[in-house]
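Student: dropping a prediction and its sequence here:
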Number of protein chains: 2
Amino acid sequence: MTETAGPARSARATIRDVAREAGVSTSTVSRVLDERLPPSRSETAERVREVAARLGYRKDSRASALRRQQSGTIGVLVPRLSDTVMAILFESIAAAAAERQMFAIVATTADDPGSERSAVESLLDQHVDGLVLTTARPDDVVIPDLRERGIPLVLALRHDGVTSAVVGDDELGGYLATRHLLDLGHREIALVAGPPYASSAVGRVAGFTRAMTEAGIDDIDRLIHPSTFGMESGEEVGRHILSTSPRPTAVFAVNDNTAVGVLAAARAAGLSVPDQLSVVGYNDIPLAARLPVPLTTVHVPFDQIAARAVAALARLIASPDEAPPGTTTTLMPSLIPRASTAPPPGARAPR
Amino acid sequence: MTETAGPARSARATIRDVAREAGVSTSTVSRVLDERLPPSRSETAERVREVAARLGYRKDSRASALRRQQSGTIGVLVPRLSDTVMAILFESIAAAAAERQMFAIVATTADDPGSERSAVESLLDQHVDGLVLTTARPDDVVIPDLRERGIPLVLALRHDGVTSAVVGDDELGGYLATRHLLDLGHREIALVAGPPYASSAVGRVAGFTRAMTEAGIDDIDRLIHPSTFGMESGEEVGRHILSTSPRPTAVFAVNDNTAVGVLAAARAAGLSVPDQLSVVGYNDIPLAARLPVPLTTVHVPFDQIAARAVAALARLIASPDEAPPGTTTTLMPSLIPRASTAPPPGARAPR
DNA sequence: CTGTTAGCGCATTCAC
DNA sequence: GTGAATGCGCTAACAG
């Protein structure tokens, strides 16, 4: 029997264990192990670090958070994790947070404004130091409230026009996708537009409209069909689009999910892609490249968006009083041509 | 100016604020608001609740956790969230946890045993009360360590043969999928087998083997091709399978991702599905039903698995000393026939 | 049922 | 540089 009789299951070493073992006070240990301070090279400091390592000491984040009033945790709000885009974004945010010794936790809203408040509260109950929201709406009522409460806040993927945000250039992405189809010779191009409450969808519509206007296409609005972001909606809207007359020779879908739905509708209608119908998606999720007909889509640099969002949030957390100007950072998308797009039926290949 | 000069940004009400306002001690407030105790109907209790509500009081989970030695948080370990199966499982776990007033946090390992340890430590650093692991391997070195440390632990989707686990019946699922193909008249059925370290994949292989053996097929091993769980691997293995001779008339893929890869390989080889090649997947992710050729697959009750796993974990957390017998709960999968399977080329339709 | 006292583990004064 | 004292917000043990 060594030592005194302790708990049967090895209890975690505390700061006091380290202090005793190193022959110093707990304050000293606390200071030596404070990541924010410049690391001391003194002999005592070395010894403390050595003892801490030997005992496998890890500071109790709850106690530390309680005292510091900072938890080193950030909250991320997404509509749903079963949407690969959101899963990838969260993974990237978690990785970016880890690089800064922070931990990211997540909650979902199902894109329902009603559950947004409770999801945010569940995050705040975990005492996050700040939030990354991907659910912003123009009329969002939760965000102003968070602002007033002084909670550090950054939007990602969608913006509300007011709060600091890191987004892709959706207008440009929409323009690139549409130009790609126009350049192939398409004129009758339908748009699966996404929901009006998401700035990302609205931006892509704007890019579509600009490209179509430039091309001298008339009455563009008739080509624009609202949807949600889901596959089902894509299929439903796709079915409708393919039954309109004149039937479009190409469809630009607001994201890869709805594009998959359009592909399903195309097959159901007996149309072959890309021979009879071209389809462009958005986001370049891993699936896009591996669909039976690889999907032409717009690549979005999610890891950059995540890294910038975390960096911006970290800055806000560090200096909460430097009035944040509410800047929007915009990152560039790029078109990835694949097999789902081709010149319209009966057209000679361009060039 | 009301009240005393406080911090500019509304600080959260503490238990003391409530106590003062209600004219009682903090202990009383603490007891009245203790969810674990039966709610008192006394007048004081009512008043305390009313004041707490009015002040918008929320207990500080860190302080509470520090004192109680329970955080009300559980940790979930998954290979990756960009795999829809894992995203859905985590969402279900988070929902099941919320029903019990617990919060679920997640970390990823990329199915890499090396990063498993650090991912688990990051979870433990957050002071989770217990863990749900979906990454178990037969030779897992982290799990025994967690056991020794007395950390409540439940496996999900994969088991290690020792630890308590909640899984789908992979053997049955594999059998059902294979029987479906056999019943359609296929004899030359290839298996994209998944990795040997995952019990889920191994079980599906066993079900495949049983069905094939029952059908009197010889030399089954030649039909079994290892893979990972990813789409790329499915495509690669699919390409290989379709170049073997005799070419299989059907493929059973270990999951929907690899099935998508096989579909891509089939198209690249100019084979039409299901006319020239039948394909069965596993998991029934939302995509499966909406692929251009809707995928026949095996449905897995992820929300039940999640609910059972959380329930089991909650039990372990509540009574950590009732030696847990290491039981495995097995839930039933079901085959969902869709358009990707049909009788083999040249066969009359059965019946 | 209620209040008093003590302390979870840590970080911060403030002296030295 | 270092250590003693104090308290973050909450809950447990105890006495009334």
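Tutor: Received the coordinates, thanks. Owing to the predicted nature of the structure, the values given are computational and were not obtained by experimental measurement.
Student: report pLDDT for the residue of chain A found nearest DNA strand D.
Tutor: The minimum distance from chain A to DNA strand D, using C-beta to the nearest atom of the strand, falls at A:Thr44 (2.9 Å). Yep, even glycine has a C-beta here, placed from its N, CA and C like the rest. The model reports A:Thr44 with a pLDDT of 94.
Student: next: A:Gly326.
Tutor: A:Gly326 is assigned 86 on the pLDDT scale.
Student: that one belongs to a strand?
Tutor: No - under DSSP: H, G, I helix; E, B strand; the rest coil, A:Gly326 sits outside any strand and is assigned coil.
Student: just to check, it is in contact with A:Asp160?
Tutor: No - here A:Gly326 does not reach A:Asp160: they are 9.5 Å apart, not a contact under C-beta atoms under 8 Å.
Student: compare neighbour counts for these two and give me the winner.
Tutor: The neighbour comparison of A:Gly326 against A:Asp160 (other C-beta atoms under 10 Å in any protein chain shown) goes to A:Asp160, with 18 against 14.
Student: now for the more buried one: which residues touch it?
Tutor: Counting by C-beta atoms under 8 Å, 6 or more residues apart in numbering or on different chains, A:Asp160 makes contact with A:136-138, A:140, A:143, A:199.
Student: which bits of chain A sit near DNA strand C?
Tutor: Within chain A, the positions lying close to DNA strand C (C-beta under 7 Å from any atom of the strand) are A:11, A:14-16, A:26-27, A:30-31, A:33-34, A:57, A:59-60, A:63-64, A:66-68.
Student: using ChimeraX, define a selection of the buried residues within these.
Tutor: Listed next is the ChimeraX selection for buried residues among those, using 16 or more other C-beta atoms under 10 Å in any protein chain shown:
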select /A:14,15,30,33,57,59,60,63,64,66
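Student: among the residues of chain A next to DNA strand C, which are in reach of DNA strand D?
Tutor: A:26-27, A:31, A:63, A:66-67.
Student: and the helix or strand that A:Thr258 is a member of, what other elements does it pack with?
Tutor: Using DSSP states H and E, A:Thr258 sits within helix A:256-268. Counting contacts by 3 or more C-beta pairs under 8 Å, 6 or more residues apart in numbering or on different chains; DSSP states H and E, helix A:256-268 packs against strand A:189-192, helix A:231-242, strand A:250-253, strand A:278-280, helix A:286-290, helix B:286-290.
Student: what about 10 Å?
Tutor: Applying 3 or more C-beta pairs under 10 Å, 6 or more residues apart in numbering or on different chains; DSSP states H and E, one finds that helix A:256-268 contacts helix A:84-99, strand A:189-192, helix A:231-242, strand A:250-253, strand A:278-280, helix A:286-290, strand A:297-299, helix B:286-290.
Student: buried deepest among the ones you listed, which one?
Tutor: Among these, ranked by average contacts under mean count of other C-beta atoms under 10 Å in any protein chain shown, first place goes to strand A:250-253 (a mean of 31).
Student: kindly export the strand or helix carrying A:Leu182 (C-alpha atoms) in PDB.
Tutor: Using DSSP H and E, A:Leu182 sits in helix A:170-184. Coordinates of each C-alpha in helix A:170-184 appear next as PDB, following Å, rounded to 0.1, in the frame of the first residue of the first chain:
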ATOM      1  CA  ASP A 170     -23.000  33.400 -54.000                       C
ATOM      2  CA  GLU A 171     -23.800  36.000 -56.600                       C
ATOM      3  CA  LEU A 172     -20.600  35.200 -58.400                       C
ATOM      4  CA  GLY A 173     -21.200  31.500 -58.000                       C
ATOM      5  CA  GLY A 174     -24.700  31.800 -59.500                       C
ATOM      6  CA  TYR A 175     -23.200  33.900 -62.300                       C
ATOM      7  CA  LEU A 176     -20.500  31.300 -63.100                       C
ATOM      8  CA  ALA A 177     -22.900  28.400 -63.100                       C
ATOM      9  CA  THR A 178     -25.300  30.300 -65.400                       C
ATOM     10  CA  ARG A 179     -22.600  31.500 -67.700                       C
ATOM     11  CA  HIS A 180     -21.300  28.000 -68.000                       C
ATOM     12  CA  LEU A 181     -24.700  26.900 -69.300                       C
ATOM     13  CA  LEU A 182     -25.100  30.000 -71.500                       C
ATOM     14  CA  ASP A 183     -21.600  29.400 -73.000                       C
ATOM     15  CA  LEU A 184     -22.600  25.800 -73.900                       C
END
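Student: tell me the contacts of the residue in the stretch 151-300 of chain A that DNA strand C sits nearest to?
Tutor: Going by C-beta to the nearest atom of the strand, DNA strand C is nearest to A:Pro152 of the stretch 151-300 of chain A, at 17.5 Å. By C-beta atoms under 10 Å, 6 or more residues apart in numbering or on different chains, A:Pro152 lies in contact with A:74, A:128-132, A:146, A:164, A:312-320, A:324.
Student: are any of those buried, and which?
Tutor: For the contacts of A:Pro152, a burial check counting by 16+ other C-beta under 10 Å picks out A:74, A:128-132, A:146, A:164, A:312-317, A:324.
Student: give me the subset of those lying in helices.
Tutor: Among the buried ones among the contacts of A:Pro152, the members falling in helices (DSSP state H) are A:146, A:312-317.
Student: tell me the one of the residues you listed nearest DNA strand C?
Tutor: So of those, ranked by how close each gets to DNA strand C (C-beta to the nearest atom of the strand), first place is A:Ile317, at 13.9 Å.
Student: which ones are touching the closest one?
Tutor: A:Ile317 neighbours (C-beta under 10 Å, 6+ apart): A:70, A:72, A:74, A:100, A:102, A:128-130, A:151-152, A:154.
Student: if I look at the closest residue to DNA strand C within the stretch 101-250 of chain A, how far off is B:Leu66?
Tutor: When scored by C-beta to the nearest atom of the strand, the stretch 101-250 of chain A has A:Gln101 as its residue closest to DNA strand C, at 11.9 Å. Per C-beta to C-beta, to the nearest Å, A:Gln101 is found 20 Å from B:Leu66.
Student: A:Thr28 too?
Tutor: 22 Å.
Student: ok, A:Leu181 next?
Tutor: According to C-beta to C-beta, A:Leu181 stands 59 Å off from B:Leu66.
Student: check A:Gly161 too.
Tutor: 41 Å.
Student: A:Arg100 too?
Tutor: 24 Å.
Student: what's the answer for A:Val29, then?
Tutor: A:Val29 is 18 Å from B:Leu66, by C-beta to C-beta.
Student: ok, A:Val237 next?
Tutor: 52 Å.
Student: and A:Glu148, what pLDDT?
Tutor: 89.
Student: over to A:Ile336?
Tutor: Model confidence at A:Ile336, expressed as pLDDT, equals 98.
Student: list the residues that contact the nearest residue to it once chain neighbours are set aside.
Tutor: Closest residue to A:Ile336 apart from its sequence neighbours, by C-beta to C-beta, 6 or more residues apart in numbering or on different chains: A:His299 at 5.1 Å. Listed by C-beta under 10 Å, 6+ apart, the contact partners of A:His299 are A:168, A:173, A:282-285, A:288, A:332-336.
Student: ok, so of the residues you listed, who is nearest B:Leu271?
Tutor: Taking C-beta to C-beta as the measure, B:Leu271 lies nearest A:Ala288 of the contacts of A:His299, at 21.6 Å.
Student: what's the burial count for the residue lying closest to that closest one once chain neighbours are set aside?
Tutor: Nearest non-adjacent residue to A:Ala288, counting by C-beta to C-beta, 6+ apart: A:Leu295, 4.2 Å away. By the criterion of other C-beta under 10 Å, A:Leu295 has 28 neighbours.
Student: for A:Leu295, give its distance to B:Thr328.
Tutor: Per C-beta to C-beta, A:Leu295 is found 40 Å from B:Thr328.
Student: list the buried residues in stretch A:100-115.
Tutor: A:102-109, A:111.
Student: right, and A:Arg62 touches A:Ser71 too?
Tutor: Yes - if you go by C-beta atoms under 10 Å, A:Arg62 and A:Ser71 touch, sitting 8.4 Å apart.
Student: any regions of the stretch 1-150 of chain A where pLDDT drops low?
Tutor: Within the stretch 1-150 of chain A, the stretches falling below the threshold (pLDDT under 70) are A:1-10.
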